[in-house]
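Participant: sequence plus predicted model, see below.
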Amino acid sequence: MSGDPVGNDILLSVRDLRTAFDTMDGTVKAVDGVSFAIRRGETLGVVGESGCGKSVTALSILRLIERPGRIVGGSVDFGGRDLLAMSESEIRDVRGNRIAMIFQEPMTSLNPVYTCGRQIAETVQAHRSVSRAEAWEKAVEMLDLVGIPDAGRRAKQFPHQMSGGMRQRVMIAMALSTDPDLLIADEPTTALDVTIQAQIFELIARLREERRMAMLLITHDLGVIAEMADDVVVMYAGQVVEQGDVRSVMTDPHHPYTRGLLASIPRIGERRHRLEVIPGVVPNPLNLPAGCLFRRRCPYAMEICETPPHLTDLGGGRSSRCWLDAEGRAPEVTLPEAAHG
Ligand code: SF4
């Protein structure tokens, strides 16, 4: 389970990861003691509002944090090696080879001056000893695999000659061209329309299944997590506030923030005049409240919440960072229908 980093089948184990950004106004703790683990073949969803540290967590895993950011602590064990302790050339070999990443906006990740086929072929050649012709063949095969029609012709096109959905397919083809063990997908469909989003998720789910690949899926949308993930980590203001298997978190959320996120998911066939929204905004990282970071938005805030809550083990691989759980008095509230199962 994601909260338990011990076990033979664990592919990636992140422990107490801390990443900070130095600004003119002070230090921002963008990722503040995050721990989770992913088993081989499993999908772990990381969910939270924008600015909660989920993307910085992904970039920290691959050591792609640029100044003024810096990783200040923790470890990232991948297949028995700490990625944070590797040399620059070792981590470069892991990136795009054993761990691949797809981002929200493929236009910023694809090079506009090279054809899509050439970019995939170069990725293959960077990590495998194959000839140019073999790498090109692999590129066309990958474009075909991700459902791009007439892949041989499309491979010779430039990114701007493709639609947003097609470009995202190219990114997925490129990411999977080296048969990675882990795919990190950061809001992979946010820039696309709803129909294309569904197609891309279907594609990712199929490829993941066929290749027994693990996935770290980052999104602001718990509905996507319900569809795609086995386990979920809920992040708020740089911290993990709840984690567990998706089914039980969806049907029995503990942390008030998770409850708020769940109440804001639209459900087909449900008559609700308006969706609930979590009141207030994510706190300014340079001016965090003392105690529980969710305190200013929490309907259950109590005096004790002025002291920072710790992650309470709820059993069954679940945990929640809330005094209600630590004190064993989770509130009885009416929850929306479960989004999963
Ligand atoms: Fe709300 Fe207190 Fe729990 Fe924080 S610790 S989520 S303020 S009840």
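Facilitator: Happy to help now that I have it.

Participant: use CA for all of it now, contacts and neighbours both
Facilitator: Fine.

Participant: OK, contacts around the residue nearest the centre of the chain?
Facilitator: The residue lying closest to the centre of the chain (Cα atoms, centre = their mean) is Ile218, at 2.2 Å. Residues near Ile218 by Cα atoms under 8 Å, 6 or more residues apart in numbering: 45-47, 54-55, 184-187.

Participant: what sits against Ile278?
Facilitator: By Cα under 8 Å, 6+ apart, the contact set of Ile278 is 257, 260-261, 264, 297.

Participant: which residues of the stretch 51-200 of the chain fall in strands?
Facilitator: With DSSP state E, counting those that start in this stretch as the criterion, the stretch 51-200 of the chain has strands at 69-78, 81-82, 99-102, 182-186.

Participant: about what we covered before: pretty sure the residue nearest to the centre of the chain is in a strand, no?
Facilitator: Yes - checked against DSSP: H, G, I helix; E, B strand; the rest coil, Ile218 lies within a strand.

Participant: state the distance from it to the ligand.
Facilitator: Ile218 is 22 Å from the ligand, where distance means Cα to the nearest ligand atom, to the nearest Å.

Participant: can you give me the distance of that residue to Thr123?
Facilitator: Per Cα to Cα, to the nearest Å, Ile218 is found 23 Å from Thr123.

Participant: same question, Phe201
Facilitator: According to Cα to Cα, Phe201 and Thr123 sit 23 Å apart.

Participant: which one's more surrounded, these two?
Facilitator: Thr123 (19 against 16; other Cα atoms under 10 Å).

Participant: one step back: just put the strands of the stretch 51-200 of the chain in CSV and tack on distance to Leu59, mean pLDDT and mean neighbour count.
Facilitator: Putting these into CSV (distance: least, Cα to Cα, whole Å; pLDDT from 0 to 100; neighbours: other Cα atoms under 10 Å) gives the following:
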stretch, distance to Leu59, mean pLDDT, mean neighbour count
strand 69-78, 10, 97, 19
strand 81-82, 15, 96, 15
strand 99-102, 9, 91, 24
strand 182-186, 9, 94, 25
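
Participant: including distance to Leu324, could those go into a markdown table?
Facilitator: A markdown table is the format used below for the strands of the stretch 51-200 of the chain (distance: least, Cα to Cα, whole Å):
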| stretch | distance to Leu324 |
| --- | --- |
| strand 69-78 | 28 |
| strand 81-82 | 35 |
| strand 99-102 | 37 |
| strand 182-186 | 31 |
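
Participant: quickly list what the closest residue to Gln239 other than its chain neighbours is bridged to.
Facilitator: Counting by Cα to Cα, 6 or more residues apart in numbering, Gln239 lies nearest to Asp32, which is 5.4 Å off, once chain neighbours are set aside. Beta bridges link Asp32 to Arg18, judged by DSSP bridges.

Participant: ok, Asp32 - contacts?
Facilitator: 16-19, 238-239.

Participant: return the distance of the residue of the stretch 1-150 of the chain found nearest the ligand relative to Leu59.
Facilitator: Proximity to the ligand, evaluated over the stretch 1-150 of the chain using Cα to the nearest ligand atom, is greatest for Gly48 at 14.4 Å. Gly48 sits 16 Å away from Leu59, going by Cα to Cα.

Participant: next one: the residue nearest to Met213 when sequence neighbours are not counted, what pLDDT does it get?
Facilitator: Closest residue in space to Met213, ignoring its immediate chain neighbours: Gly41 at 4.6 Å, by Cα to Cα, 6+ apart. Note on Gly41: pLDDT of 92.

Participant: for Gly41, which three-state class applies?
Facilitator: coil.

Participant: pLDDT below threshold where in the chain?
Facilitator: 1-8, 105-108, 266-276, 329-341 (pLDDT under 70).

Participant: give me the angle between the top helix by length along the chain and strand 182-186.
Facilitator: In the chain, taking DSSP state H as the definition, the longest helix is helix 194-211. Angle between the axes of helix 194-211 and strand 182-186 is 170 degrees (criterion: axes from the mean of the first three to the mean of the last three Cα atoms, to 10 degrees).

Participant: for Leu286, the count of nearby residues, please.
Facilitator: Neighbour count for Leu286, taken as other Cα under 10 Å: 12.

Participant: could you do Thr307 as well?
Facilitator: So Thr307, with other Cα under 10 Å, has 12 neighbours.

Participant: Thr19 now?
Facilitator: Using other Cα under 10 Å, Thr19 has 25 neighbouring residues.

Participant: surely it touches Pro68?
Facilitator: No - using Cα atoms under 8 Å, Thr19 makes no contact with Pro68, being 10.6 Å away.

Participant: end to end, how far does stretch 101-115 reach?
Facilitator: By Cα to Cα, the extent of stretch 101-115 from end to end equals 20 Å.

Participant: outside of that stretch itself, list whatever touches it.
Facilitator: Contacts of stretch 101-115 (Cα under 8 Å, 6+ apart): 116, 119, 155-160, 164, 167-168, 171-172, 175, 183-191.

Participant: one more: stretch 126-135?
Facilitator: Stretch 126-135 has contacts (Cα under 8 Å, 6+ apart) with 93, 97, 120-122, 124-125, 178.

Participant: what about Gln119, neighbour count?
Facilitator: Counted with other Cα under 10 Å, Gln119 comes out at 22.

Participant: residues in contact with it?
Facilitator: 110-111, 174.
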